[in-house]
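Undergrad: Need the 3D shape of this:
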Amino acid sequence: MRTPRGMLIALAIAVIGTGCAAQKISAVPGADAVKVTSNNADVANCNPLGNVTYYATDPNAKQLALNATVGLGGNTLQLLDNPGQYGGVAYKCPVK
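TA: Predicted coordinates:
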């Protein structure tokens, strides 16, 4: 008995897709305390540390951006309006 070629292709795609499922990324220590803002006034007295940007289609994009902010030594993430992306600029702001 022969298996239809289309069925084999669909099975191969399903197997490959299952192996590529995203793993949940854990928060690094301090990531839960990162302030997320879009307001320029919130970062006016802060030091910029670097850009952190991830594809918005990545289910871990927010956690990756928070983790990266901490990794740069930051405590604030200013989100930028970049379609298809999640992230912006990591800042070290004075603790109030």
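
Undergrad: Give the residue spans of this structure that score low on pLDDT.
TA: For the chain, the stretches flagged by pLDDT under 70 are 1-22.

Undergrad: Next up, the contacts around Val70.
TA: By Cβ atoms under 8 Å, 6 or more residues apart in numbering, the contact list for Val70 reads Val28, Pro29, Gly30, Ala31, Val34. (Glycine included, C-beta is placed from N, CA and C.)

Undergrad: now Ala56
TA: Ala56 touches Gly84, Gln85, Tyr86, counting by Cβ under 8 Å, 6+ apart.

Undergrad: give me phi/psi at Lys62?
TA: Note on Lys62: its backbone torsions stand at phi -60, psi -50 [degrees, to the nearest 10].

Undergrad: so which strand or helix has Gly88?
TA: Here Gly88, judged by DSSP states H and E, is contained in strand 85-92.

Undergrad: Packing partners of that strand?
TA: strand 47-55, helix 61-71, strand 76-79 (3 or more Cβ pairs under 8 Å, 6 or more residues apart in numbering; DSSP states H and E).

Undergrad: Now, of the contacts of Val70, which are buried?
TA: For the contacts of Val70, a neighbour count by 16 or more other Cβ atoms under 10 Å gives the buried set as Ala31, Val34.

Undergrad: In helices, which of the contacts of Val70 fall?
TA: Judged by DSSP state H, the contacts of Val70 include no members of helices.

Undergrad: Appreciated, that's everything.
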